[in-house]
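Participant: coordinates only, no sequence provided:
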């Protein structure tokens, strides 16, 4: 017989309680409810209710939050060994920029510095025996030299002048560098480019007049490329003779161009530019012609470095990820689309 309204509701709740418990109870409840509501006009509605509740109980609920990247890291400033088998680079450890040495296949990573200073701009010497780098500690910015295994670190430039961006001459006997152009950031200050002889510590001024940074010797040592600021939002890649004479603008673009790096054969110069929005890597001929973008990227790509065989360009790419920033070393195979 059909059940009364009150009994019907009570039965529904009893069966729904069983339903939530487990599937065995659900199957039993279906048989029980068929008997309870047999002949009732509410049978179809109740069956629909039971099916809906059961289906809802089985379906995933939520989401109740948003996942975000929690861990972040900074790796940048690669410089390659003369044999092209290894690189030295910067990695932040416990809040400090430390230098590491690693094979290009990703194996045998070795930490070279472990003190409480920051270490930047590593540059491997042409003979493979030394690494030049910048030590930053308590207001000091000084270029040091150390053995390629991390031992024997000693100052190269005078401590009283803030010096950055070392670049080895191809003969390995001297290092070009510049004075710090960020003494009171974000405003730029005049910066000069010098060369220091490793053996005698004799210093020679090469480039002056304005804001001049990121010196890069050509493979034959006859030219030097560098970045020069022309306005607050405009810098260009310049080239000059080895003694600093006959400096001329190569890029001539209203954007921010800089960080020049010569290809191993001297036929190309890689540089970074924001001429199309984001900072990306480009290459050009040494006379400034034939500008080609190397690859598309999101974020801020700067400071390109050629591998010793000239087939790849490595560069640090920094970008905002969720609530923090990441900097990682990227690589581009220049013959990736060659037929």
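Facilitator: Cool, got the structure. Predicted, not measured: the structure shown is a model, and the values here were computed from it. Residues are numbered from 1 along each chain as shown.

Participant: need the residues that contact stretch 81-94.
Facilitator: The set of residues external to stretch 81-94 that reach it, using Cβ atoms under 8 Å, 6 or more residues apart in numbering, is 73-80, 97-104, 111-112, 119-120, 122, 124-128, 131, 148, 307-309, 314, 329. Every C-beta, even on glycine, is put in place using the N, C-alpha and C of the backbone.

Participant: hmm, I typed the wrong one, I wanted stretch 173-181.
Facilitator: With Cβ under 8 Å, 6+ apart, stretch 173-181 has contacts from 123, 132, 141, 143, 156-157, 161-169, 188-199, 206, 211-217, 224, 226, 229.

Participant: distance of the residue lying closest to residue 213 once chain neighbours are set aside from residue 170?
Facilitator: Closest residue in space to residue 213, ignoring its immediate chain neighbours: residue 178 at 4.6 Å, by Cβ to Cβ, 6 or more residues apart in numbering. Counting by Cβ to Cβ, to the nearest Å, the separation of residue 178 from residue 170 is 19 Å.

Participant: before we move on, what about residue 307?
Facilitator: Look at residue 307 and residue 170: by Cβ to Cβ, they are 17 Å apart.

Participant: more crowded one of the two?
Facilitator: residue 307 (19 against 15; other Cβ atoms under 10 Å).

Participant: make sure the more buried one is actually in contact with residue 332.
Facilitator: No - contact between residue 307 and residue 332 fails when scored by Cβ atoms under 8 Å: they sit 10.2 Å apart.

Participant: overlap in contacts, the two.
Facilitator: Contacts common to residue 307 and residue 332, judged by Cβ under 8 Å, 6+ apart, are residue 313.

Participant: ok, now which ones touch residue 323?
Facilitator: Taking Cβ under 8 Å, 6+ apart, one finds residue 68 in contact with residue 323.

Participant: number the residues from 738 up from this point.
Facilitator: In the new count, where the first residue is 738, that last one comes out as residue 1060.

Participant: so for it, what's the pLDDT?
Facilitator: If you check residue 1060, the pLDDT there is 89.

Participant: quick check: it vs residue 1034, distance?
Facilitator: 21 Å.

Participant: now residue 926
Facilitator: To residue 1034, residue 926 is 30 Å away according to Cβ to Cβ.

Participant: more crowded one of the two?
Facilitator: A count of neighbours by other Cβ under 10 Å puts residue 1034 above the other of residue 926 and residue 1034, at 17 against 13.

Participant: the residue nearest to residue 950: which element?
Facilitator: Residue 915 is located in strand 911-916, with elements delineated by DSSP states H and E.

Participant: what strands line up against that strand, and which way round?
Facilitator: With DSSP bridges as the test, strand 911-916 is paired with strand 900-905 (antiparallel), strand 930-934 (antiparallel).
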